[in-house]
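# here are the coordinates; sequence isn't available:
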Ligand code: SF4
Ligand code: SF4
């Protein structure tokens, strides 16, 4: 017997989270073997509430609320380690992107406090320079959250190992990059 569909407040009848994720990501996840190769290589799996293949299982069972409100979709950094390990070539990172989009649009509370602000700072440096600038991301995030001292040890280690460039590097045609970002954050301030 199929599991019942859990509907979010205001959700239209007939909304199918699996169909919507496939429409946005172009990924057909129904070939998943649940072999767990994706989870075994994921660098953030220990912190996730659902393993990557677990999120696929939620989609297969149309568990909309669990899929959109879980911490996993926000902890995923899109590194594609899972996608490369998958014997069925399922692009899990693209699935996570689609789930984040849908969660924001439906104003589902972000399960990891502050993480959307961090995403925003990462994208802001890409919009400004065409590349990320880690030092600026960290400093702006600290100013935004006023959380000055957590992770200080990590920052100092990265500085000592010259992993943090003081000045950003830029792509040549920055105008094209800025064009891509026009209107990106409009109407999304609720989720910080
Ligand atoms: S590696 Fe691919 S097939 Fe295996 S569980 Fe993960 S998504 Fe499914
Ligand atoms: S893309 Fe996301 S789920 Fe896949 S290995 Fe990287 S962090 Fe884990």
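Good, I have the coordinates. Bear in mind the structure is a predicted one, so any value in this text is a computation, not a measurement. Ligands and ions are numbered 1, 2, ... in the order given.
# helix/strand/coil for residue 34?
What DSSP: H, G, I helix; E, B strand; the rest coil gives for residue 34 is coil.
# what's downstream of the lowest-mean-pLDDT helix or strand in the chain, the next helix or strand?
When each helix and strand of the chain is scored by mean pLDDT, DSSP states H and E, helix 152-160 comes last, with a mean of 79. Next helix or strand after helix 152-160 toward the C-terminus (DSSP states H and E): helix 174-181.
# list the buried ones in that following helix?
By neighbour count on 16 or more other Cβ atoms under 10 Å, the buried set for helix 174-181 is residue 177. No exception for glycine: its C-beta is placed from N, CA and C like everyone else's.
# and for stretch 95-114?
95-100, 102-104, 108, 110-111.
# again, but for stretch 51-58
Applying 16+ other Cβ under 10 Å to stretch 51-58 flags 51-58 as buried.
# is it anywhere near ligand 2?
Yes. Stretch 51-58 reaches ligand 2 (Cβ under 6 Å from any ligand atom) through residue 52.
# contact partners for the residue nearest the centre of the chain?
Nearest to the mean C-alpha position of the chain, by Cα atoms, centre = their mean, lies residue 74 at 4.5 Å. The contact partners of residue 74, taken as Cβ atoms under 8 Å, 6 or more residues apart in numbering, are 100, 110-112, 115-116.
# what about residue 166, distance to ligand 1?
40 Å (Cβ to the nearest ligand atom, to the nearest Å).
# typo on my end, residue 38
For residue 38, the distance to ligand 1 - Cβ to the nearest ligand atom - is 3 Å.
# same check, this time on residue 36
5 Å.
# any weak-confidence spans in the chain?
1-13, 183-192 (pLDDT under 70).
# could you redo the last one with a cut-off of 50?
Applying pLDDT under 50 to the chain flags the ranges 1-5, 10, 190-192.
# near ligand 1, which residues of it? Just list them.
Residues of the chain lying close to ligand 1 by Cβ under 6 Å from any ligand atom are 32-38, 52-53, 56, 85-88, 90, 92.
# Produce a PyMOL select command limited to the buried residues of the residues you listed.
Only the buried members of those enter the following PyMOL selection, criterion being 16+ other Cβ under 10 Å:
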select buried, resi 32+37+38+52+53+56+85+86+90+92
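# which bits of the protein sit near ligand 2?
42, 44, 52, 76-82, 92-93, 96.
# which among the residues you listed count as buried?
For these, buried by 16+ other Cβ under 10 Å: 42, 52, 76, 81-82, 92-93, 96.
# take those and keep only those in helices.
Judged by DSSP state H, these include 52, 81-82, 92-93, 96 as members of helices.
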